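# Any chance you could fold what I've pasted below:
(2 chains)
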Amino acid sequence: MKNRGYYGKFGGAFLPEILVATFDELEIAFEDLKSDPAFWDEYSALMSSYSCRPTPLTFAANLTREFNGAKIYIKREDLNHTGAHKANNVMGQGLMVRKMGKKRVIAETGAGQHGVATATMAAKFGLDCTIYMGEVDVLRQRPNVFWMEQLGATVVPVKDGTRILKDAINEAFRDWVTNMDTTHYVLGTACGPHPFPEMVAYFQSIIGKEARQQILKIEGKLPSRVYACVGGGSNALGLFSGFLNDPVDLVGVEAGGRGLQSGMHASRLCSKDARPGIAQGYKTYFLQDNDGQMKETHSISAGLDYIGVSPILSHMNETGRARFESATDDEVIAALKLTMVKEGIIPALESAHAFAQAFKEAPGLSKEDAIIINQSGRGDKDIFTVAEAFNDPKWKDFIIGKAATYHA
Amino acid sequence: MLESYIKERRKTKDILLMTHMVLGYPSFEACFDIVEQMVEAGVDLMELQIPFSEPMADGPVILTANQKALQTGTTVPKCLEFAETVSKDFPIPFLFMTYANIPYQYGMEKFAAKMAALNMRGAIIPDLPPEEGEDYIQAMRHNNLDPIFIFSPETSDERLSYLSSLASGFVYCTARKGVTGKKTRFSEDLSAYLSRCRKAVSLPLAVGFGVREKADVEFLKSRADIAVIGSETIRVVEEKGISAVGEFIRSIR
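Here you go, the predicted structure:
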C-alpha cells in the first residue's frame, strides 16, 4: 500500500489482500489526474455542457424576511443533471475510468440518486453498469430503479443484512474483489478506503469553489456560516472545501430521525451513540453496539440513513473545524414545506435537513450576516417519498385509483 | 507456536486439514457437536469465526451464517466462552477468524491477552492488512500468538516478501479472486501462484477459497501444507445435517 490516507486518526485502508493491488492502481490514476493541469478544465467543461454548472446561488428573499436575521442564500446543486450533487462525483470518476481503460462500472445506491447518476454516466461513456441496491430500498424507490434500468443498468437487489445502503456497499465490494480487472467501483460518497474519501471530496469541491466566488461577487464578503446535510458527507465536504481557510463556520446537519434520545436516528457525530470503529474498509465514527456490530439507523431520508460518515468529517469534528447538529424528521418536513411556499423551491428530504438547521440559527444572526445552505438535491423527483412523508390524502387516492386501472 | 505443530504433523501426513465454522450458527450446541466430529475425523486445525455484521470478504454461504448467528443472539462474550470450552476439550489448535472491528472494540491488547488465556493460538483478520495492524501484530506477539497473514494471486512479489517478513505460524493463500465459497479452478495457474508463495516464505502454506472435494485436496498435496475447508462444511450441515460432517471430512482426505 502506497499511502493510507489518514485524517487525524480516521480513514485508512482496511483492505482485504486481494484488493491491495487494485487500490494502488486507483491511487496512481487519481494522483495522475490531480497533477494533470488540463484535467480540471476538462472536468469543468464536461460539467457545464452535460450538467448545469456552475449551479446558481439563489438569494432567498422571502425566507430571509421570514426569519428576520441573516441573509439566506441557497446553492443550487438540485439543478445538476439527475437532480443532485451526485453527478459531480460520478462524472469525475467516469473520466478517470476512461483513462484507466476499464469497461464496466459498479455502484451502490441507497435512495437511488447515486445509482441513477452512475447509470447516466455509464450510458454516456459506453460502459457496462451494475447497481447494487438494498432490497428494502428497491421496494421504496421504484421510480429510480425504473430509470436505472431504462438507462441500461442492471439493478441487483441486495437481500443480505439489513437490506439497505450499507449492505449494498458490501455487495459492491464482493463484486469488485472478483472483477477488479475489468471493473471500477464508483463509490458514491466520501467514505470507504483511501483514496475514495479524498477523491470524492476532490470532485465535489467544485461546489465550494463556485459558491465562494458567487457569494463574494454578490455580497462582497464571505458568508458567516454555511450549512450542508451529512449522510456519507460528500455534499458537505464539497461546500466546506471552498471555505476551509476562511473565518466561516461550517455546519453539518445529520439525520435526527425521531430524536437523538429515541435511538431512531442516523447521527454519528452529534449524538453519543456512535464511536470510532472499522468497517467497510475505513475507520470512522460508526453507530454500533458494544461488541462492534453495526446498528440499524433511521431517517426519513434514505440518503442520510447510513452507519458511518466520512473520515474527513470525523476529523473536522474532533478538531472543531466543523460543527455538527441534527434535525428531526418533523423539523425536516416543516422546513421543506416552508421553503416550497416561500421560495417555490423544492429541496430533497436530505437537503431539507440543512435548511431546518439554518432556520433555527438564522434569527440569531444579524442582517449583515450571510449564510449559504447547500441544496444538495431536488425533492420533486422523490414524489413518492415526499408525498408519503406529507401523508397527503389526495395523493393516496390517486395511487389507489391508478393501481385499480392496472387490475382492470 | 503453530509453525512447529504444523511441521511436526506434516511428517506423518501429506496434507493437513483446517476447517472453519461460524460461531453460534446454527447454534452453539450444534457448533460443539460439529467440532467434536471434525476432530474425530482427523481435522488438524480449526478457524472459529466470530460473526460480524459487515463481513466484506465472505461469500453468500458464510455471509448468511454470520447474519443468522447474530440474529439468534450470538455475542462476542459467548464466542469467547465457546472458544474456551473447545480449546480445553479438544487436542487441536484453534484460531479466531473475524473482522477488524471486533478486536478493535474489545481492545487489541485485551483481545490478544484473552485469546492467550483461552489457549487460542492465532487469528485471521481479512480486513486488517499489516499496514493497519501494528497494534494488533504487537499484541499478538506479546502473547505468543500467531497473526496469520494472507497472500492473494494479485499480490506482487515485492509485497509477498513484505508480508513474509511479518508473518508467523503459517500463511493463508487465497486460491483465487473473489469471496469465499465460490468455485475454484485447480489449475496450472494456481500451481504457479503457489510456487511463487513457496519461494516467498519458509512458513507452511494453507490454501483456502473453493476447496470442496477430494480432488481439490489431492491437487494441493505437494503444493501446500494445509487445505482449508470453509463454506463447504456449512453447506454439508445445511443440506445433510450435523451428523454428516465427520463422514464428509473423512471422504476428502
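# list the helices and strands the longest helix along chain A packs on?
Ordering each helix of chain A by length in residues (DSSP state H) puts helix A:196-219 first. Contacting helix A:196-219 under the criterion 3 or more CB pairs under 8 Å, 6 or more residues apart in numbering or on different chains; DSSP states H and E are the following elements: helix A:17-35, helix A:39-49, strand A:57-59, strand A:71-76, helix A:86-100, helix A:234-240, helix A:311-319, strand A:370-375. Bear in mind the C-beta positions are built from the backbone N, C-alpha and C, glycine included.
# packing partners for the fourth one?
Contacts of strand A:71-76 with other secondary structure elements, assessed using 3+ CB pairs under 8 Å, 6+ apart, are made with strand A:57-59, helix A:61-67, helix A:196-219, strand A:370-375.
# now these in TSV, with mean neighbour count and mean pLDDT?
Formatted as TSV, the helices and strands packed on strand A:71-76 follow (neighbours: other CB atoms under 10 Å in any protein chain shown; pLDDT from 0 to 100):
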stretch	mean neighbour count	mean pLDDT
strand A:57-59	17	98
helix A:61-67	16	98
helix A:196-219	22	98
strand A:370-375	28	98
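# mind checking which of these is nearest A:T339?
In terms of CB to CB, the element of the helices and strands packed on strand A:71-76 nearest to A:T339 is helix A:61-67, at 6.9 Å.
# Quick one: residues in contact with that closest one.
By CB atoms under 8 Å, 6 or more residues apart in numbering or on different chains, the surrounding residues in contact with helix A:61-67 are A:70-72, A:338-339, A:342-343, A:359, A:362-363.
# pull the CA atoms of it into CSV?
This file holds the C-alpha atoms of helix A:61-67, laid out as CSV (Å, rounded to 0.1, in the frame of the first residue of the first chain):
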residue,chain,number,x,y,z
ALA,A,61,-35.6,36.9,-0.1
ASN,A,62,-38.8,35.6,1.4
LEU,A,63,-37.1,33.2,3.8
THR,A,64,-34.7,36.0,4.8
ARG,A,65,-37.7,38.2,5.6
GLU,A,66,-39.4,35.3,7.4
PHE,A,67,-36.6,34.8,9.9
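# mind exporting the strand or helix carrying B:E81 as PDB, just the C-alpha atoms?
Assigning secondary structure by DSSP states H and E places B:E81 in helix B:76-89. This file holds the C-alpha atoms of helix B:76-89, laid out as PDB (Å, rounded to 0.1, in the frame of the first residue of the first chain):
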ATOM      1  CA  VAL B  76     -18.500 -11.800  21.400                       C
ATOM      2  CA  PRO B  77     -18.600 -12.900  25.100                       C
ATOM      3  CA  LYS B  78     -20.500 -16.100  24.100                       C
ATOM      4  CA  CYS B  79     -18.000 -16.800  21.300                       C
ATOM      5  CA  LEU B  80     -15.100 -16.400  23.800                       C
ATOM      6  CA  GLU B  81     -16.800 -18.800  26.200                       C
ATOM      7  CA  PHE B  82     -17.300 -21.300  23.500                       C
ATOM      8  CA  ALA B  83     -13.600 -21.000  22.400                       C
ATOM      9  CA  GLU B  84     -12.500 -21.700  25.900                       C
ATOM     10  CA  THR B  85     -14.600 -24.800  26.100                       C
ATOM     11  CA  VAL B  86     -13.400 -26.400  22.800                       C
ATOM     12  CA  SER B  87      -9.800 -25.500  23.200                       C
ATOM     13  CA  LYS B  88      -9.900 -27.200  26.600                       C
ATOM     14  CA  ASP B  89     -11.900 -30.200  25.400                       C
END
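# returning to that earlier point: report the angle between the longest helix of chain A and strand A:370-375.
Here helix A:196-219 runs at an angle of 130 degrees relative to strand A:370-375 (axes from the mean of the first three to the mean of the last three CA atoms, to 10 degrees).
# hang on, the earlier thing: now rank the contacts of helix A:61-67 by neighbours and give me the top one.
Among the contacts of helix A:61-67, A:I72 has the most neighbours (other CB atoms under 10 Å in any protein chain shown), with 30 neighbours.
# Run a quick neighbour tally on the residue nearest to it when sequence neighbours are not counted.
Excluding the flanking residues, the one nearest A:I72 by CB to CB, 6 or more residues apart in numbering or on different chains is A:A60, at 4.3 Å. Neighbour count of A:A60, defined by other CB under 10 Å: 22.
# ok, now which ones touch A:A60?
Counting by CB under 8 Å, 6+ apart, A:A60 touches A:72-74, A:339, A:342-343, A:345.
# re the thing from before, and the angle from the longest helix of chain A to helix A:17-35?
Orientation check (the same axes, to 10 degrees): helix A:196-219 against helix A:17-35 gives 30 degrees.
# Can you dump the C-alpha atoms of helix A:196-219 in PDB for me?
Coordinates of each C-alpha in helix A:196-219 appear next as PDB, following Å, rounded to 0.1, in the frame of the first residue of the first chain:
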ATOM      1  CA  PHE A 196     -12.100   7.300  -2.000                       C
ATOM      2  CA  PRO A 197     -12.700   9.900   0.700                       C
ATOM      3  CA  GLU A 198     -10.100  12.300  -0.800                       C
ATOM      4  CA  MET A 199     -11.200  11.500  -4.400                       C
ATOM      5  CA  VAL A 200     -14.900  12.100  -3.900                       C
ATOM      6  CA  ALA A 201     -14.200  15.300  -1.900                       C
ATOM      7  CA  TYR A 202     -11.900  16.400  -4.700                       C
ATOM      8  CA  PHE A 203     -14.700  16.100  -7.400                       C
ATOM      9  CA  GLN A 204     -17.300  17.600  -5.100                       C
ATOM     10  CA  SER A 205     -15.000  20.600  -4.300                       C
ATOM     11  CA  ILE A 206     -16.400  22.200  -7.400                       C
ATOM     12  CA  ILE A 207     -19.400  23.200  -5.200                       C
ATOM     13  CA  GLY A 208     -17.400  25.200  -2.700                       C
ATOM     14  CA  LYS A 209     -15.200  26.800  -5.400                       C
ATOM     15  CA  GLU A 210     -18.200  28.100  -7.200                       C
ATOM     16  CA  ALA A 211     -20.100  29.100  -4.000                       C
ATOM     17  CA  ARG A 212     -17.200  31.100  -2.700                       C
ATOM     18  CA  GLN A 213     -16.800  33.100  -5.900                       C
ATOM     19  CA  GLN A 214     -20.500  33.600  -6.200                       C
ATOM     20  CA  ILE A 215     -21.000  35.000  -2.700                       C
ATOM     21  CA  LEU A 216     -18.000  37.300  -2.900                       C
ATOM     22  CA  LYS A 217     -19.400  38.600  -6.200                       C
ATOM     23  CA  ILE A 218     -22.900  39.200  -4.800                       C
ATOM     24  CA  GLU A 219     -22.200  40.200  -1.200                       C
END
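# tell me what the helix or strand of chain A with the lowest mean pLDDT is packed against?
In chain A, no helix or strand scores lower on mean pLDDT, DSSP states H and E than helix A:383-390, which sits at a mean of 87. Helices and strands touching helix A:383-390, by 3+ CB pairs under 8 Å, 6+ apart, are helix A:142-150, helix A:329-343, helix A:349-361.
# Could you say which of those helices is packed most deeply?
Counting by mean count of other CB atoms under 10 Å in any protein chain shown, helix A:349-361 has the highest mean neighbour count of the helices and strands packed on helix A:383-390, with a mean of 28.
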